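Undergrad: What follows is a protein structure lacking sequence information:
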């Protein structure tokens, strides 16, 4: 399993349009083979900075999505809102720690 972290900075004032488009993107991604889960978050003190974290069964599944026409179409829909190009980080898990006090 891998995680992909995508960081995006959005033009100030266009956040709500981006949020609507990214909700659609996550919906399309949910039907992609190899996709496990995803979430989109916004930085608390910089409301135009977003981080999307997705989980995939492997890097090959991510690469298929990354190169897909569906992703390119969705990226075209959010590109007008971006201040700069997206930043990607691919991670593989080394250790999983859970707080045992949380039920």
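TA: That came in fine, so what should we check first? Treat the numbers as computed from the prediction; the structure is a model and nothing was measured.

Undergrad: my read: residue 3 touches residue 88, true?
TA: No. Contact criterion CB atoms under 8 Å: residue 3 and residue 88 do not qualify, at 11.1 Å. Heads up, the C-betas are built off the backbone N, CA and C, glycines and all.

Undergrad: With neighbour numbers in mind, choose between the two.
TA: residue 3 (17 against 12; other CB atoms under 10 Å).

Undergrad: what's near enough to touch the more buried one?
TA: By CB atoms under 8 Å, 6 or more residues apart in numbering, the contact list for residue 3 reads 53-56, 90-93.

Undergrad: And these, which is closest to residue 23?
TA: The nearest member of the contacts of residue 3 to residue 23, counting by CB to CB, is residue 54 at 14.0 Å.

Undergrad: Quick check on that closest one: phi, psi?
TA: For residue 54, the backbone dihedrals (degrees, to the nearest 10) come out as phi -120, psi 150.

Undergrad: Next, residue 97: phi, psi?
TA: phi -120, psi 130.

Undergrad: okay, now it: neighbour count?
TA: 5.

Undergrad: And it, how far from residue 1?
TA: Going from residue 97 to residue 1 by CB to CB, to the nearest Å gives 16 Å.

Undergrad: same check, this time on residue 30
TA: From residue 30 to residue 1 the distance is 16 Å (CB to CB).

Undergrad: How about residue 47?
TA: 31 Å.

Undergrad: Please enumerate the helices of this structure.
TA: 15-29, 59-66, 69-78 (DSSP state H).

Undergrad: any chance of those helices in TSV, plus mean neighbour count, distance to residue 8 and mean pLDDT?
TA: As requested, those are exported to TSV (neighbours: other CB atoms under 10 Å; distance: least, CB to CB, whole Å; pLDDT from 0 to 100):
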stretch	mean neighbour count	distance to residue 8	mean pLDDT
helix 15-29	15	8	86
helix 59-66	16	15	97
helix 69-78	14	8	90
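
Undergrad: Now render those as JSON lines, adding distance to residue 35.
TA: Below are the helices of the chain laid out as JSON lines (distance: least, CB to CB, whole Å):
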{"stretch": "helix 15-29", "distance to residue 35": "6"}
{"stretch": "helix 59-66", "distance to residue 35": "7"}
{"stretch": "helix 69-78", "distance to residue 35": "11"}
